[in-house]
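In: Sequence plus the predicted model coming up.
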Amino acid sequence: MIYADNAATTRISELAVQKLLPYLMEEYGNASSQHKLGFKARKAIACARKQVAKAIDCEPHEIIFTSGGSEGNTWVLHGKSRELCERERAHLITTSIEHHSVLNACKNTDVLDVTYLNPDSDGRVSVSNVESALRPNTKLVTIMFANNEIGTIQPVQQIGEMLKSHNVMFHTDAVQAVGHIPISMKKLKVDFLTASAHKFNGPKGIGFIFIRDGIAMPNYIFGGEQEFGLRSGTENVAGIVALGYALEECVQNLGEDTITQQLLVKMTIEKLKKSIPNLIINAELANRLPGILNITFENATGEAMMHLLSLKDICVSAGAACNSNKGVPSHVLLAIGKTESEAKNSIRISYGRYNTVKEVDEITSAIKSAYFKITQAKST
Ligand SMILES: *Cc1c(COP(=O)(O)O)cnc(C)c1O
């Protein structure tokens with residue numbers, strides 16, 4: 001099996017599994033218990049919190065563990081924004097290329113006015129785009145750090161600095177960025193940041209949000225007051241431990257993994273451009289995540305392509321995992337100006353730590369033969 005769908009999820013690292021297992025089998029205590037097993041679980045969570053804080057350059061108490069990216073985004077966009085609307089109707093700015101956890105949270109709120117900014121043809125949102133959308137009652141801006149379909153990295157640092165000068169809060173969905181590009185919360189003027197372990201070689205169903213010191217966040221899940229009283233529920237100790245080690249490992253390997261993935265992407269582009277006519281590399285000019293490559297074909301749908309590749313045990317994606325089974329064209333590709341048919345004729349290849357140069361050869365030759373199979377079937 002060749003797995004090139006790492007933007008959908010990643011394989012858990014061996015280290016993370018090794019660190020996770022004891023917390024299921026032997027150290028299975030409830031972190032709130034006052035006996036030895038409870039103490040050990042508490043200690044393990046504290047250790048993971050420190051690992052995360054070190055990885056993104058913040059303080060441990062600024063990290064709250066959640067069930068993943070969708071929860072973190074929903075918490076900020078429903079929990080926090082509801083609080084921001086208590087005195088007056090608030091305005092929120094986001095982009096039209098966010099993950100559906102952000103877009104649907106924005107859609108399903110009746111207390112906010114929402115502006116959806118359109119990016120340029122490479123998926124970039126500029127500081128001046130955001131600044132000119134500000135209104136007197138703008139309370140919160142949410143812009144993803146890096147896009148999960150085309151890989152475009154946004155100017156989060158500059159947007160944050162501008163928003164600070166206007167006293168507007170800033171949240172970023174950094175699910176694709178954390179563990180993949182360097183992030184320092186001490187440098188970024190970001191108030192809230194969302195991350196998810198299964199996108200950085202950790203387990204599924206666990207993630208965290210960063211909440212900057214001194215910024216109030218309403219309680220979202222009620223119960224036993226875990227996670228500083230903000231997010232109740234018995235902690236997923238094994239998941240938290242694995243998340244800590246997975247992120248530490250990603251940050252340690254960041255330089256090397258970036259170079260490798262950029263090389264794999266570059267090789268893939270070169271090989272495909274040589275053999276397939278009129279191929280379009282989406283967001284080609286943008287500063288992109290190292291491993292994500294989104295391409296549009298002339299006359300072959302992404303879905304047909306994906307299925308033919310899947311028959312050869314190659315996993316790529318036609319759009320984001322959550323859309324690709326609905327046959328709707330990607331909202332991200334439409335937002336960067338692709339036509340409906342161009343958007344449908346696209347696939348995403350996303351490389352991760354375990355991909356190799358040899359796999360690029362196999363993927364590109366499989367894409368080439370799938371492409372000619374589809375286009376020849378059409379022309380006869
Ligand atoms: C995967 C993803 C999410 C959702 O994270 P889950 O942990 O799967 O809920 C949110 N935002 C982006 C950009 C993602 O890629």
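Out: Looks like it arrived, so ask away.
In: Leaving out the residues flanking it, which one is nearest to residue 108?
Out: With CB to CB, 6 or more residues apart in numbering as the measure, residue 78 is the residue that lies nearest to residue 108, at 7.9 Å, once sequence neighbours are left out. For glycine as for every other residue, the C-beta is placed from the backbone atoms N, C-alpha and C.
In: mind checking how far the one you found is from residue 71?
Out: Spatial separation of residue 78 from residue 71 under the definition CB to CB, to the nearest Å is 11 Å.
In: Neighbour count: those two, which is higher?
Out: residue 71 (21 against 18; other CB atoms under 10 Å).
In: Which positions in stretch 348-360 come out as buried?
Out: Using 16 or more other CB atoms under 10 Å as the test for burial, stretch 348-360 gives 348, 349, 350, 351, 352, 353, 355, 359, 360.
In: what about the closest residue to residue 97 other than its chain neighbours, distance to the ligand?
Out: Spatial nearest neighbour of residue 97, chain neighbours left out: residue 332 (4.5 Å); criterion: CB to CB, 6+ apart. For residue 332, the distance to the ligand under the criterion CB to the nearest ligand atom, to the nearest Å works out to 10 Å.
In: burial measure for residue 332, as a count.
Out: Counted with other CB under 10 Å, residues neighbouring residue 332 total 29.
In: Do I have it right that it meets residue 100?
Out: No: Residue 332 lies out of contact with residue 100 (CB atoms under 8 Å); the separation is 10.6 Å.
In: before we move on, the earlier item: which of the buried residues of stretch 348-360 are the two that sit furthest away from each other?
Out: Spanning the widest gap among those are 348 and 353, at 17.5 Å by CB to CB.
In: got the buried residues for the lowest-mean-pLDDT helix or strand in the chain?
Out: Ranked by mean pLDDT, DSSP states H and E, the helix or strand of the chain with the weakest confidence is helix 81-84, at a mean of 82. For helix 81-84, the neighbour count (16+ other CB under 10 Å) marks 81, 84 as buried.
In: Which strands or helices does it pack on?
Out: In this structure, helix 81-84 makes packing contacts with strand 90-95, strand 138-142, judged by 3 or more CB pairs under 8 Å, 6 or more residues apart in numbering; DSSP states H and E.
In: related to what we said a few turns ago, if we only consider the buried residues of stretch 348-360, which is nearest to the ligand?
Out: Minimum separation from the ligand among the buried residues of stretch 348-360 (CB to the nearest ligand atom) is found for residue 350, which lies at 10.0 Å.
In: Bridged to that closest one, which residues?
Out: For residue 350, the beta-bridge assignment (DSSP bridges) gives partners residue 5, residue 292.
In: Relative to residue 291, how far out is it?
Out: Computed as CB to CB, the residue 350 to residue 291 distance reads 5 Å.
In: so what sits against both of those two?
Out: Each of 6, 7 lies in contact with both residue 350 and residue 291 under the rule CB atoms under 8 Å, 6 or more residues apart in numbering.
In: related to what we said a few turns ago, which SS class is the residue nearest to residue 108?
Out: Going by DSSP: H, G, I helix; E, B strand; the rest coil, the secondary structure assigned to residue 78 is helix.
In: In contact with it, which residues?
Out: Listed by CB under 8 Å, 6+ apart, the contact partners of residue 78 are 105, 108, 109, 220.
In: pretty sure the last one contacts residue 75?
Out: This means residue 220. Yes: with the criterion set as CB under 8 Å, residue 220 and residue 75 qualify as a contacting pair; they are 4.7 Å apart.
In: ok, those two, which is more surrounded?
Out: For residue 220 versus residue 75, neighbours defined as other CB under 10 Å are more numerous around residue 75 (25 against 18).
In: mind listing what residue 259 touches?
Out: Applying CB under 8 Å, 6+ apart, we find residue 259 in contact with residue 290.
In: Need the overlap of contacts for residue 220 and residue 75.
Out: Here residue 220 and residue 75 share the contacting residues residue 231, scored by CB under 8 Å, 6+ apart.
In: Work out the gap between the least confident helix or strand of the chain and the centre of the chain.
Out: 24 Å (CA atoms, centre = their mean, to the nearest Å).
In: What lies in contact with it?
Out: 90, 92, 109, 111, 112, 139, 140, 169, 216, 218.
In: got the contact list for the residue nearest to residue 97?
Out: For residue 332, the residues meeting the contact criterion (CB under 8 Å, 6+ apart) are 97, 123, 147, 149, 150, 320.
In: so where do the helices sit in the stretch 1-150 of the chain?
Out: For the stretch 1-150 of the chain, the helices defined by DSSP state H, counting those that start in this stretch cover 14-20, 22-25, 36-56, 69-74, 81-84, 100-107, 127-133.
In: and the fourth one, how far from the chain's centre?
Out: Pointing back at helix 69-74 there. 11 Å.
In: and what of the second one?
Out: For helix 22-25, the distance from its own C-alpha centre to the chain's C-alpha centre is 28 Å (CA atoms, centre = their mean).
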